[in-house]
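> The amino acid sequence is not available; the structure is as follows:
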Ligand code: SF4
């Protein structure tokens, strides 16, 4: 028996959006005759509803979910009710909730043993096989990789807009894309996010039926107001040349942190474009500067970083010079600290605007 399955109940609570989690949720609701829309009519139902709200609230407002293991299988049910409640919120918050749920899932999966990770990947339709079980096995490959994933599975789930995941930057051998366990877990995370979004979309089709749940919780006012306040938080004063999003990533790097791939990509693409397109400096000089910028990240590897930065600069691979993600994209990745408050569409426009302003001020003097 897989270690991750040592207790079935623990497993489904840990991974509510796994196949087992979904099946168990369906069994519980039919076994107990639990009709979700009747929850507000009983004290225990209300308790469950409040827990679901807590999950949703924490995910939306804090970007995390704290488990409540004392609730047993009710904790599993609560995650599904949170999905139903999420469908009543602004669509921009659907992705945020799905993202937090998927990160919660992958954070736990990363701690499991390899068999468990592969089991879970297969459960999400990812054709993954341990490297040592493939006919392409070679000891040198085993130093860098753990698993092979069928190319079609890989293409279906690879994170978009990140050159790190592009197939041209991957080791592809006889139809197998070679990955580490950590990277395989990242594919599972993508699959979980999609599953949660699908479930929210389904719940959205029955909004009228589930309205009583929202009413019993006072109309989800706090979350709706949170969204409204984040939308109206416009007009951040443009100060300095670097936008707050990039400054936040730079600060994380300077303090020896370990920013996500998306954050690293966004910063590298931004700095390269700023250096070359806005400041007009040679691309080789810009690459050097960006590589140096990453020297203080916890897992700095000069060769790897240089390769990736050169790739983003269009000096390698597909020869495409990447743009940094738009502000909308940054916001949905949780990388915009102002909630789209700068009034620009792309972090580069922030810098261009700030430079123009500086020039105007100098002319006035
Ligand atoms: S609005 Fe755009 S430029 Fe400003 S912090 Fe957010 S992502 Fe960066």
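Happy to help now that I have it. Bear in mind that the values here come from a model prediction, so they are computed numbers and not experimental data.
> C-alpha only now, for contacts and for neighbours.
Will do.
> What are the buried residues along stretch 16-23?
The neighbour-count check on stretch 16-23 (16 or more other Cα atoms under 10 Å) flags 16, 17, 18, 20, 21, 22 as buried.
> Now do the contacts for the second one.
In this case it means residue 17. Neighbour list for residue 17: 192, 195, 196 [criterion: Cα atoms under 8 Å, 6 or more residues apart in numbering].
> Now do whatever helix or strand the second one lives in: everything it contacts.
Taking DSSP states H and E as the criterion, the element that holds residue 195 is helix 181-204. By Cα under 8 Å, 6+ apart, the list of residues contacting helix 181-204 from outside reads 17, 83-84, 86-88, 94-95, 98-99, 101-103, 105-106, 109-110, 114, 117, 120-121, 124, 145-147, 154, 157-159.
> From the contacts of residue 17, list the ones also adjacent to the ligand.
The subset of the contacts of residue 17 lying close to the ligand, counting by Cα under 6 Å from any ligand atom, is empty.
> Most neighbours of all these, which one?
Ranked by the number of neighbours (other Cα atoms under 10 Å), the contacts of residue 17 place residue 192 first, at 23 neighbours.
> distance of it from the ligand?
Going from residue 192 to the ligand by Cα to the nearest ligand atom, to the nearest Å gives 25 Å.
> repeat for residue 116
Counting by Cα to the nearest ligand atom - residue 116 and the ligand are separated by 37 Å.
> how deep is the residue of the stretch 51-200 of the chain found nearest the ligand tucked in, by neighbour count?
Taking Cα to the nearest ligand atom, the ligand has its nearest neighbour within the stretch 51-200 of the chain at residue 92, 14.9 Å off. Residues near residue 92, counting by other Cα under 10 Å, number 12.
> before we move on, back to that, could I get the buried residues of stretch 16-23 as CSV with secondary structure and pLDDT?
Listed next are the buried residues of stretch 16-23 as CSV, based on DSSP: H, G, I helix; E, B strand; the rest coil; pLDDT from 0 to 100:
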residue, secondary structure, pLDDT
16, coil, 96
17, coil, 97
18, coil, 96
20, helix, 95
21, helix, 95
22, helix, 94
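> Let me know the closest of those residues to residue 346.
Set against residue 346, the nearest of the buried residues of stretch 16-23 by Cα to Cα is residue 17 (33.9 Å).
> Three-state assignment for the closest residue to residue 109 other than its chain neighbours, please.
Excluding the flanking residues, the one nearest residue 109 by Cα to Cα, 6 or more residues apart in numbering is residue 117, at 6.5 Å. Secondary structure, DSSP: H, G, I helix; E, B strand; the rest coil: residue 117 is helix.
> going forward can the numbers begin at 40, since that is how I track them
With the count now opening at 40, the last piece we talked about shows up as residue 156.
> Look up how far residue 222 lies from residue 156.
To residue 222, residue 156 is 11 Å away according to Cα to Cα, to the nearest Å.
> any weak-confidence spans in the stretch 240-389 of the chain?
266-278 (pLDDT under 70).
> tell me which parts of it are close to the ligand?
Checking the stretch 240-389 of the chain against the ligand by Cα under 6 Å from any ligand atom, the hits are 282-284, 366, 369, 375-381, 383, 385-386, 389.
> Of those residues - the most surrounded one?
Top of those by neighbour count (other Cα under 10 Å): residue 386, with 25 neighbours.
> thought that residue was touching residue 366?
Yes. Using Cα atoms under 8 Å, residue 386 is in contact with residue 366, at 6.5 Å.
> Could you pull out the residues contacting both of these two?
With contacts defined as Cα under 8 Å, 6+ apart, no residue is shared by residue 386 and residue 366.
> neighbours of residue 119, just the number please.
21.
> Name the helix or strand for it, please.
helix 112-125.
> Give me the residues contacting the helix or strand that that helix is followed by.
Following helix 112-125 in sequence order, the next helix or strand is helix 130-148 (DSSP H and E). The set of residues external to helix 130-148 that reach it, using Cα under 8 Å, 6+ apart, is 53-54, 95, 98-99, 102-104, 125-126, 155-156, 224-225, 227-229, 231-233, 235-236, 239, 266, 371, 373.
> now helix 130-148 against helix 220-243, angle please.
With axes from the mean of the first three to the mean of the last three Cα atoms, to 10 degrees as the basis, helix 130-148 and helix 220-243 are set at 140 degrees to each other.
> Flag every buried residue along helix 130-148.
132-145, 148.
> Widest-spaced pair of the residues you listed?
132 and 148 (24.3 Å).
> All the helices of the stretch 190-339 of the chain, residue numbers only.
In the stretch 190-339 of the chain, the helices defined using DSSP state H, counting those that start in this stretch lie at 190-196, 220-243, 246-255, 260-271, 283-293, 300-312, 322-332.
> Among the ones you listed, which comes closest to residue 49?
When the helices of the stretch 190-339 of the chain are compared for distance to residue 49 using Cα to Cα, the nearest one is helix 220-243, at 18.2 Å.
> how distant is the closest one from the center of its chain?
Centre-to-centre, helix 220-243 and its host chain are 10 Å apart (Cα atoms, centre = their mean, to the nearest Å).
> so how far is residue 207 from residue 130?
Taking Cα to Cα, one finds residue 130 at 33 Å from residue 207.
> now residue 94
Residue 94 is 39 Å from residue 207, by Cα to Cα.
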